[in-house]
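Trainee: kindly return the folded structure for what I paste below:
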Amino acid sequence: MKLPIDTIQGYLKKHGLDGWLMVDFHSRNDIAVQMLGLPTTLTRRFCYFIPSSGSPTALVHNIEKAKFSALQGTIIPFSSYRLLESELQKLLVDCKKIAMEYAPHGRLPYIGLVDAGTIELIRSFGCEIVTSADLVAFFQARLSVEQIATHRIAAKNLIEIKSLNTNKKQTEFDIMNYMLAQFEEYDMINDHGPNCSINQNAGNPHYEPTAENAQIIKRGDLILLDIWAKLKIDNAVMADITWMAFAGRKSEIPPKYNELFSVLAHARDAAIQFLRDNIDKRQVFGYEVDDACRNVVIAAGYDKYFTHRTGHSITTSTHGTGPNIDNLETEDRRVLQQGHLFSVEPGIYMADCGFRTEIDVLISNEGVEITTLPLQTEIVTLF
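Mentor: From the prediction side, this is the model:
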């Protein structure tokens, strides 16, 4: 893959950066490895510097220089750490501020992929280091028009697939296999799962049914369906939804269940409203959307049961490289940019039951779009 060097340099200039320095050892910096199209079998350090103007430069170990032959720019081989450090210092001599895969205070570990010692070394050259978080999200996580089209199809398919056959005895595992068979019918694929969990199993956000542990679905059971998949074509983008159901009539749903789902639906909708109120006025960050959603759950008194972030980036992977909707597990201060896709999925998890409602949201050129309509507004009944 050829890097869009001119576009990257335009971004660097616009944001007052002298360059972007990607540093890796043993393929630990998967952002750099993926951006540069390198093999994941690297065993030595390398550095790749894109200045705000001029040609890029790669510092690569003599043993592995053949793996870097397709890189754009100048390649400088080294063997000793002394030569690596001296060449790196010469490379950055005129730089005041550069971007690296660095997370201030370690609050965004997805981007904090360069070791502290290397950060110390670069700072000793007189460079200010800023996080490359928004830079990476701009170039790695924004979807193309073609990719958005694949996501829309996947989203429509998942909405159609989320059905249950109540005419026969089934377990959570049976439902999982039914959905997998449906994926094949729709020419779709996923990385693992999907998930069907009932009652107390729904209280475990990462419960996975197996043939051995799966429970039989009975009348009166609460059912959580979490399904995600993408089309079987190159660069297709995932869709990811969660719906809640009850094995019985509407009149049989316990009041507690309706209350908990209502709290989550209002929290979900508060996140969307916050986005719509602000996205065209200023930069909006992932952590802010989490706050808008979580504050509804807090106000209802269920905050200790909402134990995960509000949402995650979605790309060709279920959990993508863009901004997450998170101010709990991490403090995600990445800007939500046009072309970013993510889930909004507040949840409440208790010992005897669990609830989640999940939708996918796209920042498009027309604003904020929910791509997984219709919204679930109440628990679905199966009888």
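
Trainee: tell me which residues in the top helix by length along the chain are buried?
Mentor: In the chain, taking DSSP state H as the definition, the longest helix is helix 255-278. Across helix 255-278, burial judged by 16 or more other CB atoms under 10 Å covers 257, 260-261, 263-272, 274-275, 278. Where C-beta positions appear, they are placed from N, C-alpha and C, glycine not excepted.

Trainee: run the chain-centre distance for it.
Mentor: Distance, stretch centre to chain centre, for helix 255-278: 21 Å (CA atoms, centre = their mean, to the nearest Å).

Trainee: can you check stretch 45-55 too?
Mentor: 27 Å.

Trainee: list the buried residues of that stretch.
Mentor: The neighbour-count criterion (16+ other CB under 10 Å) identifies Arg45, Phe46, Cys47, Tyr48, Phe49, Ile50, Pro51, Ser52 as the buried residues of stretch 45-55.

Trainee: helices along the protein, start to end?
Mentor: Using DSSP H, the helices assigned to the chain run over residues 5-14, 30-36, 81-91, 116-124, 133-140, 145-161, 172-185, 255-278, 286-299.

Trainee: so for Glu345, which of those sits nearest?
Mentor: Among these, the nearest to Glu345 by CB to CB is helix 255-278 (7.7 Å).

Trainee: not counting residues beside it along the chain, what's closest to Phe25?
Mentor: Take Phe25 and drop its neighbours on the chain: the residue closest to it by CB to CB, 6 or more residues apart in numbering is Arg45, 4.7 Å away.

Trainee: list the contacts for that neighbour?
Mentor: Shown in contact with Arg45 (CB atoms under 8 Å, 6 or more residues apart in numbering): Val23, Asp24, Phe25, His61, Leu84.

Trainee: now the buried members of those.
Mentor: Looks like those have Val23, Asp24, His61, Leu84 buried, using 16+ other CB under 10 Å.

Trainee: picking that back up, Leu336: which of the helices of the chain is closest?
Mentor: Leu336 lies closest, by CB to CB, to one member of the helices of the chain: helix 286-299, at 6.4 Å.

Trainee: picking that back up, and the two most separated of the buried residues of helix 255-278?
Mentor: Tyr257 and Asn278 (32.6 Å).

Trainee: and the longest strand seen in the chain, how far from the chain's centre?
Mentor: When the chain is parsed with DSSP state E, its longest strand is strand 222-231. Strand 222-231 sits 17 Å away from the centroid of its parent chain (CA atoms, centre = their mean).

Trainee: ok, that strand: who's next to it in the sheet?
Mentor: Here strand 222-231 is paired, per DSSP bridges, with strand 188-189 (antiparallel), strand 195-198 (antiparallel), strand 239-246 (antiparallel).

Trainee: just the ones in strands from the contacts of Arg45, please.
Mentor: Secondary structure from DSSP E places Val23, Asp24, His61 of the contacts of Arg45 in strands.

Trainee: can you lay out the residues you listed as CSV showing pLDDT and distance to Thr41?
Mentor: Output for the ones in strands among the contacts of Arg45, formatted as CSV (pLDDT from 0 to 100; distance: CB to CB, whole Å):
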residue, pLDDT, distance to Thr41
Val23, 98, 18
Asp24, 98, 12
His61, 98, 13
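
Trainee: for the residues you listed, which one is nearest His151?
Mentor: Of the ones in strands among the contacts of Arg45, the one sitting nearest to His151 (CB to CB) turns out to be Asp24, at 30.0 Å.

Trainee: how many residues are close by the nearest residue to the closest one once chain neighbours are set aside?
Mentor: Residue nearest to Asp24 in three dimensions, not counting chain neighbours: Ala32, with 4.8 Å by CB to CB, 6+ apart. Using other CB atoms under 10 Å, Ala32 has 25 neighbouring residues.

Trainee: my guess is Ala32 contacts Phe25. True?
Mentor: No. Using CB atoms under 8 Å, Ala32 is not in contact with Phe25, being 10.3 Å away.

Trainee: ok, the nearest residue to Ala265 once chain neighbours are set aside - contacts?
Mentor: Of all residues not flanking Ala265 in the chain, Thr357 sits nearest, at 5.8 Å (CB to CB, 6+ apart). Applying CB under 8 Å, 6+ apart to Thr357 gives the contacts Thr242, Trp243, Met244, Phe261, Leu264, Ala265, Arg268, Glu345, Pro346, Gln376.

Trainee: could you export the residues you listed as a markdown table, including distance to Leu336?
Mentor: A markdown table is the format used below for those (distance: CB to CB, whole Å):
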| residue | distance to Leu336 |
| --- | --- |
| Thr242 | 21 |
| Trp243 | 25 |
| Met244 | 27 |
| Phe261 | 26 |
| Leu264 | 21 |
| Ala265 | 22 |
| Arg268 | 16 |
| Glu345 | 16 |
| Pro346 | 17 |
| Gln376 | 23 |
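
Trainee: tell me which residue is most central in the chain.
Mentor: Centroid check for the chain by CA atoms, centre = their mean gives Ser313 as the closest residue, at 2.5 Å.

Trainee: for the protein, give me the ranges with low pLDDT.
Mentor: Scanning the chain with the threshold set as pLDDT under 70 gives 1, 164-167.

Trainee: which residues touch the closest residue in space to Phe183 that isn't next to it in sequence?
Mentor: Spatial nearest neighbour of Phe183, excluding adjacent residues (CB to CB, 6+ apart): Ala229 at 5.1 Å. By CB under 8 Å, 6+ apart, Ala229 lies in contact with Ala154, Asn157, Leu158, Phe183, Tyr186, Met188, Ile189, Asn190, Pro194, Met238, Ala239.

Trainee: out of those residues, which end up buried?
Mentor: Going by neighbour count (16+ other CB under 10 Å), the contacts of Ala229 have Ala154, Asn157, Leu158, Phe183, Tyr186, Met188, Asn190, Pro194, Met238, Ala239 buried.
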